[in-house]
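S.K.: Return a 3D structure for these sequence lines:
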Amino acid sequence: MDRAYQGHFADGLLARGVRQEVSGWPPSARGFVPVGCRWVVERTFAWLDFFPRLVMDYEYTPESHAAWILWVNVTLCLNRLS
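M.R.: Numbering: from 1, shown residues only. Have a look, this model is predicted:
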């Protein structure tokens with residue numbers, strides 16, 4: 001996770017028994033350096049930003065939002081096949 005999620009969020013994770021790992025750059029890094037697998041998550045969020053329904057929280061239930069995320073992933077996969 002990013003360093004911004006330390007504090008109350010990290011305490012809540014520890015209370016639930018979830019271990020966290022804070023990623024960071026190597027001390028000798030200059031410029032852009034991809035850190036661990038975090039770039040995969042950031043890339044995925046960038047892909048999801050192309051769908052306006054997911055940018056704002058329009059859904060009333062978590063199940064509806066999860067269905068839209070599934071639909072967007074199906075759309076992305078089908079676009080890559082064509």
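S.K.: For L76, give its distance to Y58.
M.R.: 19 Å (CB to CB, to the nearest Å). Where you see a C-beta, it was placed from the backbone N, CA and C, and this is true even at glycine.
S.K.: Looking at the two, which one has more neighbours?
M.R.: Ranked by neighbour count (other CB atoms under 10 Å), L76 and Y58 place L76 first, with 14 against 11.
S.K.: Secondary structure class of that one, three-state.
M.R.: The three-state label given to L76 by DSSP: H, G, I helix; E, B strand; the rest coil is helix.
S.K.: Equivalent analysis for W25, please.
M.R.: coil.
S.K.: what about A10, neighbour count?
M.R.: Residues within reach of A10, counting by other CB under 10 Å, total 14.
S.K.: So it sits against V18, correct?
M.R.: No: if you go by CB atoms under 8 Å, A10 and V18 don't touch, sitting 9.5 Å apart.
S.K.: overlap in contacts of these two?
M.R.: When contacts are counted by CB atoms under 8 Å, 6 or more residues apart in numbering, the set common to A10 and V18 is empty.
S.K.: can you dump the C-alpha coordinates of the one helix or strand in the chain whose mean pLDDT sits lowest into CSV?
M.R.: Using mean pLDDT, DSSP states H and E, helix 52-55 stands out as the lowest-scoring helix or strand of the chain, at a mean of 78. C-alpha atoms of helix 52-55 as CSV (Å, rounded to 0.1, in the frame of the first residue of the first chain):
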residue,chain,number,x,y,z
PRO,A,52,-18.1,7.6,-16.5
ARG,A,53,-20.5,5.4,-14.5
LEU,A,54,-17.6,4.2,-12.4
VAL,A,55,-15.9,7.6,-11.9
